[in-house]
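Q: generate coordinates for the sequence data below:
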Amino acid sequence: MLNLVSSWESIPAQPSKQHRIIAAIDLGTNSLHMVVVKIDPTLPAFSIIAKEKETVRLGDRNLTTGELKPEIVKKAIAALGRFQEVAKTINAETIIAVATSAVREAPNGKDFLHTIETELGLSVNLISGQEEARRIYLGVLSGMEFNNQPHMIIDIGGGSTELILGDSHQARTLTSTKVGAVRLTSELITTDPISTTEFQYLQAYARGMLERSVEEILANLELGESPRLVGTAGTIETLAMIHAREKSGVIPTTLNGYQFSLQDLQELVNRLRKLSNSERAEIPGMPEKRPEVILAGAVILQEAMTLLGSESVTVCERSLREGVIVDWMLTHGLIEDKLRYQSSVRERNVLKLADKYHINLEYSDRVAKFAESLFDQTQGTLHHWGTDERQMLWAAAILHNCGHYISHSSHHKHSYYLIRNGELLGYTETEIEIIANIARYHRKSPPKKKHENYQSLLTKQQRQIVSQLSAILRLAVALDRRQIGAVAQVQCEYYPQLNQVNLLIFPTQLDDDCDLELWSLNYKKGVFEEEFGVKLVASLEKSSIPNLS
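A: The predicted structure follows:
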């Protein structure tokens, strides 16, 4: 059996026992949200110590071009600056920020993120719909006990709705659909109050768009399972607040665990459709700027519940932002028990993609181990990259040959395309772009500014990661040129005064001269030499293999 668990997964982190303060920002279609939490690594658990929200409406894009509007971009940057100040005041050690559908779909979305980084020094990760669903699942799991029972989760945002099927062990189904409260309001509602014709079309459209996601959820249910539905995010919390105030006269101190029925929701939808925006604003419990989008959001929930056959929905106040925190805790080794399976989500999804494209795992695992070994031995001398970059190199090494699935000719270019569009869960869009580029440059031309895929990297640092790690990957590929495991180990010796790296090759079989591997190394070393400013000298060693661990 192959040991495909890369070393970065098997080394447990040694977290500090001190409390740590982390902030997470979600750049949503309707609002920007920030949550600041205090993490207790000994439990491990976190408590929320501050929340911030600003309704910016990134989803209100230019109708002709689909671009984010300049005045909204300005407003968003100002809000993010305020969020940073709050986080700084509370002594947050880091801010993790993610952007979702509005930024994902805007032609100038990446320019917006680049502006944020330039003006505020804040790095925002763009995440796919499926990755958003995965983190929502983690957030809900952190705030609600599943008791090993299956649950369906619905998160209605401004631009998309995520439907998830999961239990205490795994997310079985992660879906994201382009129906959201802001999107449907701006695209489908022109009358106030809404006309009967528009209302009926709104219902039919939401139902039609949700059908595929619902089918996927229902297909993954096992015989006899009847999971309860959990609802998260602003629309559902608002509906719960209105319902609670009308039924009991008070809003509960926490909405976590609050339930309302499909029948009550249907009655509320019928009332909301007859009211104008200004009349909805007068409803007790209605938050500011929510009246104009609440009907579309309520209709999405009503249609989803009907299709899923759910008679009631239970509210969970934790969602994407908290999921971002949980994901950070997982990747930093702060969670070892309840959610441990999630720590290998990146690895499992890389291997799943490898399987999909019929990659020879025995070979690619050897290449990955050579790449990691070269990375480790040159760290601190030729480069100063850390754990995150090492993980991306590993993923690129495993997947570098997946382009063969399409064609042998120019397979490195096909590898880029397949990785870029492969929905690698656990990684941000930027990280996927970097992985795809590293794999793209494992052979043929080195990275060039004129290459469109290389241009799509936003910062100089990202381009440098690709240039240096792809140069390392080229050597790793050369070390298994015959794909038979001829080389057992490689040792790097760096001589700074000579600007020279000696590469000692230890063969698996002592009588093997590894001629083809040495020829391949000499053929491919030029890119490495140019990138790191060194001379590379490879030689075969017939002595015993050193212990480099």
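Q: every contact and neighbour count from this point should use C-alpha atoms.
A: Will do.
Q: which elements pack onto the top helix by length along the chain?
A: The longest helix of the chain (DSSP state H) is helix 196-219. Other helices and strands packing on helix 196-219, by 3 or more CA pairs under 8 Å, 6 or more residues apart in numbering; DSSP states H and E, are strand 161-166, strand 171-177, helix 181-188, helix 291-308.
Q: any chance of CSV for the ones you listed, columns distance to L68 and mean pLDDT?
A: CSV is the format used below for the helices and strands packed on helix 196-219 (distance: least, CA to CA, whole Å; pLDDT from 0 to 100):
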stretch, distance to L68, mean pLDDT
strand 161-166, 20, 93
strand 171-177, 20, 90
helix 181-188, 14, 90
helix 291-308, 19, 95
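Q: export those to JSON lines and tack on mean neighbour count and distance to V477?
A: Converted to JSON lines, those look like this (neighbours: other CA atoms under 10 Å; distance: least, CA to CA, whole Å):
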{"stretch": "strand 161-166", "mean neighbour count": "26", "distance to V477": "39"}
{"stretch": "strand 171-177", "mean neighbour count": "20", "distance to V477": "34"}
{"stretch": "helix 181-188", "mean neighbour count": "20", "distance to V477": "47"}
{"stretch": "helix 291-308", "mean neighbour count": "22", "distance to V477": "49"}
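Q: nearest to Q377 among the ones you listed would be which one?
A: strand 171-177 (37.4 Å; CA to CA).
Q: and the closest one, what does it pack onto?
A: Secondary elements touching strand 171-177 (3+ CA pairs under 8 Å, 6+ apart): helix 129-143, strand 161-166, helix 196-219.
Q: mind listing what that strand pairs with, with the direction of each?
A: According to DSSP bridges, strand 171-177 forms sheet pairs with strand 161-166 (antiparallel).
Q: measure how the strand it pairs with sits relative to helix 291-308, angle-wise.
A: Calculated by axes from the mean of the first three to the mean of the last three CA atoms, to 10 degrees, strand 161-166 forms an angle of 40 degrees with helix 291-308.
Q: what angle do strand 161-166 and helix 196-219 make?
A: Using the same axes, to 10 degrees: strand 161-166 against helix 196-219 is 20 degrees.
Q: switch to numbering from 19
A: Sounds good: first residue 19 from here, last item strand 179-184.
Q: quick check: angle from strand 179-184 to helix 147-161?
A: 60 degrees.
Q: show residues contacting strand 179-184.
A: Strand 179-184 is contacted from outside by 147, 150-151, 155, 168-174, 189-198, 231-232, 235, 238, using CA atoms under 8 Å, 6 or more residues apart in numbering.
Q: just to revisit the earlier point, how far off centre is the longest helix of the chain?
A: 26 Å (CA atoms, centre = their mean, to the nearest Å).
Q: ok, residues contacting it?
A: 170, 181-183, 191, 193-197, 202, 206-207, 209, 291, 314, 317-318, 321-322, 325-326.
Q: and stretch 370-381, by the same measure?
A: Contacts for stretch 370-381 (CA under 8 Å, 6+ apart): 20, 416-417, 419-420, 423, 440, 442, 498, 501-503.
Q: where do the helices sit along the stretch 369-518 of the chain?
A: Taking DSSP state H, counting those that start in this stretch to define them, one finds helices in the stretch 369-518 of the chain at 379-396, 405-417, 429-438, 447-458, 470-473, 478-496.
Q: before we move on, the earlier item: for the helices and strands packed on helix 214-237, give me JSON lines that also has distance to I483.
A: JSON lines is the format used below for the helices and strands packed on helix 214-237 (distance: least, CA to CA, whole Å):
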{"stretch": "strand 179-184", "distance to I483": "33"}
{"stretch": "strand 189-195", "distance to I483": "30"}
{"stretch": "helix 199-206", "distance to I483": "37"}
{"stretch": "helix 309-326", "distance to I483": "42"}
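Q: wait, I453 touches A413, no?
A: Yes. Here I453 reaches A413: they are 6.7 Å apart, a contact under CA atoms under 8 Å.
Q: related to what we said a few turns ago, among the helices of the stretch 369-518 of the chain, which is nearest R100?
A: So among the helices of the stretch 369-518 of the chain, helix 447-458 is nearest, using CA to CA, at 24.9 Å.
Q: before we move on, back to that, so which of the helices of the stretch 369-518 of the chain is the most packed in?
A: Of the helices of the stretch 369-518 of the chain, the one with the most neighbours on average (mean count of other CA atoms under 10 Å) is helix 447-458, at a mean of 27.
Q: packing partners for that one?
A: strand 142-144, helix 405-417, helix 429-438, helix 478-496.
Q: go again using 6 Å as the cut-off
A: helix 405-417, helix 429-438 (3 or more CA pairs under 6 Å, 6 or more residues apart in numbering; DSSP states H and E).
Q: pick out the shakiest of those helices, pLDDT-wise.
A: Lowest mean pLDDT within the helices and strands packed on helix 447-458: helix 429-438, at a mean of 84.
Q: tell me where the model's unsure across this protein.
A: 19-35, 60-62, 353-363, 441, 444, 562-567 (pLDDT under 70).
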